[in-house]
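K.L.:
Quick check, what structure comes out for this input:
(chains A and B)
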There are 2 protein chains.
Amino acid sequence: MGYRILETEDVPAYLRERGHWDDTDDIRVREVSDGNMNRVFLASNGDGTRGLAVKQALPWVRVAGPSWPMSPERADAEARAYEQVARVAPDKIPAVHGYDADNYALVMEDMSDLQVLRTVLNEGGSYGPDTSRRIGEFVAQLTFATSDFGMESAERKALIAASVSPELCRITEDVVLSEPYVEHEHNHWHPGLDALAAEFRADTRLRTEVADLRHTFMTSAQALLHGDLHTGSIMVGEREDAPVVRVFDPEFSFVGPIGYDLGLYWANVLVAQARARALGTVTDHAAQLRLTWEGFETEFRRLWPARVDTFFDDAYLDRFLARVRSDSAGFAGTEIVRRVIGFAHLTDLTTLPDPVPASRSALLLGRELIVRRAELTRTEDIEELAR
Amino acid sequence: MGYRILETEDVPAYLRERGHWDDTDDIRVREVSDGNMNRVFLASNGDGTRGLAVKQALPWVRVAGPSWPMSPERADAEARAYEQVARVAPDKIPAVHGYDADNYALVMEDMSDLQVLRTVLNEGGSYGPDTSRRIGEFVAQLTFATSDFGMESAERKALIAASVSPELCRITEDVVLSEPYVEHEHNHWHPGLDALAAEFRADTRLRTEVADLRHTFMTSAQALLHGDLHTGSIMVGEREDAPVVRVFDPEFSFVGPIGYDLGLYWANVLVAQARARALGTVTDHAAQLRLTWEGFETEFRRLWPARVDTFFDDAYLDRFLARVRSDSAGFAGTEIVRRVIGFAHLTDLTTLPDPVPASRSALLLGRELIVRRAELTRTEDIEELAR
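P.N.:
Residues are numbered from 1 along each chain as shown, chains lettered A, B, ... in the order given. Take a look at the predicted model:
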């Protein structure tokens, strides 16, 4: 691999070399790595008035170590995704100050004043008035710009070629879109869910519908996606009395079906709702599916008149959006299921005093979303299912 | 571009240089360029016992000249497609003896003993007992091997990236999948079709359905296609008393929806049938749709147990094949329409004494195939429509 893996003490000199920070005497660095895959450092000056984040991809999965190798080229995908989003939704991602492709390192805005949305929700907090709507807008802005509606044909084909991401897509194809429905060593679950997990593995209808969603994931090159849009990839907070939303970690980015991004977020909303119900702390969960979709649809329709290819008419847009909604419901279902009986579970449910009842309802809801997705033509239908 | 454009007199030395032919004194060359795009030379020895074809892509469209520039890289796409087919269906393409990427030139089997299928049909000849079935098999063999069923995920993503073909896909997107439905300078038609052409342009239902097929063409990365599978891309004949079928000219090859290849062939069968009916020379046209589909489905199902990804189950295969059939019907419809009121027409109809009645039925059939494709779940339904 031959690149330079940064340690905490290397960061000041590194930031100076890359032209981000002159006075290396006035710089403090701490490692704040949190996700499964990468290292993150925060650099700040003595009086705390200046900060930068450095994120570096390692040639393995951080939490597993060198025994699970993983190409650091995922950082290229992340930098490319940030570049695309910066053109159309710069207010919804961290500012990227530079990407060092030789060392797979991004230098970015310090967001340590913000909070991870999952943490806020797990602690019983609210989404805030605008978060889900902005997430919907984010998906619309990124996907419209990189679809055949917003991007000229030749440029888009170049983007598809540049954005193939075999290794990370493979993880999703396996961990999300097949393993939970078959016997697999990765799978685990609470013993109280044994019977339901067995039912899911024996459910041939479910298996065929998941196969269909999986093939859509593999072949439907609609637009550039974030690829991992869960509530742990979103920071929220306030700056100068205004709400702030920042989507980060787009390393799973690839050109795929738009419903995958919306579905992942929806799944996380629904799981957070299951937790809140179990704890009796329901706040504003119920409205979030609708707000996300409204944010998405309103923004997509706002952008539509600027499409580069006017052969696509308004009647086609209606049909296209209905399909995105149905895909979103299906992918939301697969994401819920895998987070309960697959490889990587969500703290939303695992930290409940008794995770079984909420996990069971979540699984059943997931199944309905998958097998009935074609009928769920209105967001209200999905909300009703969730009630 | 800086590459060497071959003239007839250059071919002997070229074949010798490339190691294909030692004795350049015993070699005759004639140019037999026939398609719109490229030059083709045939080299043979004095007693006619040996022959080779040399096909070179020019940096423009051959029939138009340098005023219509076109990247010769289409020859790379063609060579790549031949390479993929050679692994799985070597008996259905010309033997490729070498590809010279520097000069965009392919050295191939001499097929001058065979006849172009369109020519055979236009002259009232028969398909032969096996042609359509083998074309169906060809599509199954190429597309299974390059789908997520036949090819491992990472290899397939590399193939998708290598096979993007912006310039040639753009031609199809424009000339086949939009221009005939709007006012465009490329369009022309027999004056007897004025009213029907105007009706098509005003038909909003048709426009939306074509938009849907067009978006599928642009985004559905199911498998590597031939991309231009009409009866002018197929040679037929006999060698040693056995029927021979050879598919050639895959320069439009790209990773797209499987139904596009089958649909193109179906459209050509249906237009040939319209011609034969007009002339009262109907032979074996009616059986060809079914034979093509049977060849395709039987071969795809034969290959299925060898799939690399067994999460896709038999129930999913049924659903997938039904969708391919519906796509095929729709793309067949668009191909018929564009060949009657679009840019490039077919001699099948233009050489009829009165092309209007046959062209009119063909257009109406094309429209039905497009708008009713979702209901056409059996090949018999399509045959019935064609009667």
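K.L.:
what does chain A have sitting close to chain B?
P.N.:
Taking CB under 8 Å from any CB of the partner chain as the contact definition, chain A meets chain B at A:148, A:153-154, A:157-158, A:160-162, A:164-167, A:169-170, A:173, A:177-178, A:181-182, A:204, A:207-208, A:211-212, A:214-215, A:218-222, A:311-313, A:315-316, A:319-320. Where C-beta positions appear, they are placed from N, C-alpha and C, glycine not excepted.
K.L.:
which regions of the stretch 201-350 of chain A sit below the pLDDT cut-off?
P.N.:
Scanning the stretch 201-350 of chain A for pLDDT under 70 picks out nothing.
K.L.:
how near is the residue nearest to A:Glu183 when sequence neighbours are not counted to chain B?
P.N.:
Excluding its sequence neighbours, the residue lying closest to A:Glu183 (CB to CB, 6 or more residues apart in numbering or on different chains) is A:Arg201, at 6.8 Å. From A:Arg201 over to chain B the distance is 12 Å, taken as CB to the nearest CB, to the nearest Å.
K.L.:
Any figure for the gap between A:Arg201 and A:Glu209?
P.N.:
Distance of A:Arg201 to A:Glu209, given as CB to CB, to the nearest Å: 14 Å.
K.L.:
quick one: which of those two has more around it?
P.N.:
Higher neighbour count among A:Arg201 and A:Glu209: A:Glu209, with 25 against 16, using other CB atoms under 10 Å in any protein chain shown.
K.L.:
on that earlier part again, write the ChimeraX selection for whichever of the residues of chain A next to chain B are buried.
P.N.:
Only the buried members of these enter the following ChimeraX selection, criterion being 16 or more other CB atoms under 10 Å in any protein chain shown:
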select /A:148,153,157,160,161,164,165,166,169,173,177,178,181,207,208,211,212,214,215,218,219,220,221,222,311,312,316,320
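K.L.:
Contacts only, for A:Ala332.
P.N.:
With CB atoms under 8 Å, 6 or more residues apart in numbering or on different chains as the criterion, the residues that contact A:Ala332 are A:Leu262, A:Gly263, A:Leu264, A:Trp266, A:Ala267, A:Leu270, A:Gly366, A:Leu369, A:Ile382.
K.L.:
re the thing from before, point out the other helices and strands that the host helix or strand of the residue nearest to A:Glu183 packs with.
P.N.:
Secondary structure assigned from DSSP states H and E places A:Arg201 in helix A:194-202. With contacts defined as 3 or more CB pairs under 8 Å, 6 or more residues apart in numbering or on different chains; DSSP states H and E, the packing partners of helix A:194-202 are helix A:314-341, helix A:355-371.
K.L.:
Name the residues of the longest one that come out as buried.
P.N.:
In other words, helix A:314-341. Those would be A:316-317, A:320-321, A:323-341, for helix A:314-341 by 16+ other CB under 10 Å.
K.L.:
The shortest one too?
P.N.:
Using 16+ other CB under 10 Å as the burial criterion, the residues of helix A:355-371 that qualify are A:355-356, A:358-363, A:365-371.
K.L.:
returning to that earlier point: find the pair from the contacts of A:Ala332 with maximum spatial separation.
P.N.:
A:Leu262 and A:Gly366 (15.4 Å; CB to CB).
K.L.:
from memory A:His345 sits against A:Arg339, does it?
P.N.:
Yes: counting by CB atoms under 8 Å, A:His345 touches A:Arg339, with 5.8 Å between them.
K.L.:
What about the closest residue to A:Glu78 other than its chain neighbours, how many residues nearby?
P.N.:
In space, and not counting its chain neighbours, A:Glu78 is closest to A:Glu251: 4.1 Å by CB to CB, 6+ apart. Neighbours of A:Glu251 under the rule other CB under 10 Å: 26.
K.L.:
One more: A:Glu7?
P.N.:
12.
K.L.:
now A:Pro94
P.N.:
By other CB under 10 Å, neighbour count at A:Pro94 equals 20.
K.L.:
Specify the local secondary structure of A:Ile171.
P.N.:
With DSSP: H, G, I helix; E, B strand; the rest coil as the basis, A:Ile171 sits in helix.
K.L.:
Report the contact partners of A:His186.
P.N.:
If you count contacts by CB under 8 Å, 6+ apart, A:His186 has them with A:Val175, A:Glu179, A:Gly342, A:Phe343.
K.L.:
do that again at 6 Å, thanks
P.N.:
A:Glu179, A:Phe343 (CB atoms under 6 Å, 6 or more residues apart in numbering or on different chains).
K.L.:
which element is it on?
P.N.:
Per DSSP H and E, there is no helix or strand for A:His186.
K.L.:
Geometrically speaking, which residue is the centre of chain A?
P.N.:
Geometric centre of chain A, nearest residue: A:Leu229, 1.3 Å, by CA atoms, centre = their mean.
K.L.:
which residues sit in contact with that one?
P.N.:
By CB under 6 Å, 6+ apart, the neighbours of A:Leu229 are A:Asp261, A:Leu264, A:Tyr265.
K.L.:
switch to 7 Å and redo it
P.N.:
By CB atoms under 7 Å, 6 or more residues apart in numbering or on different chains, A:Leu229 lies in contact with A:Val247, A:Asp261, A:Leu264, A:Tyr265.
K.L.:
out of those, what pair is the most spread apart?
P.N.:
Among the contacts of A:Leu229, A:Val247 and A:Leu264 lie farthest apart (CB to CB), at 11.6 Å.
K.L.:
Give me the contacts around stretch A:375-383.
P.N.:
For stretch A:375-383, the surrounding residues in contact (CB under 7 Å, 6+ apart) are A:Ala286, A:Leu289, A:Arg290, A:Trp293, A:Ala322, A:Ser326, A:Ala329.
K.L.:
ok, these vs chain B, which is closest?
P.N.:
Checking the contacts of stretch A:375-383 against chain B with CB to the nearest CB, the nearest one is A:Ala322 at 11.6 Å.
K.L.:
excluding its backbone neighbours, what's nearest that closest one?
P.N.:
In this structure, A:Ala322 finds its nearest non-sequential neighbour in A:Thr377, 5.9 Å apart by CB to CB, 6+ apart.
K.L.:
next one: A:Gly19
P.N.:
A:Gly98 (7.7 Å).
K.L.:
Equivalent analysis for A:Arg367, please.
P.N.:
Closest to A:Arg367 by CB to CB, 6+ apart is A:Leu206, at 6.0 Å.
K.L.:
distance of that neighbour from A:Asp212?
P.N.:
From A:Leu206 to A:Asp212 the distance is 11 Å (CB to CB).
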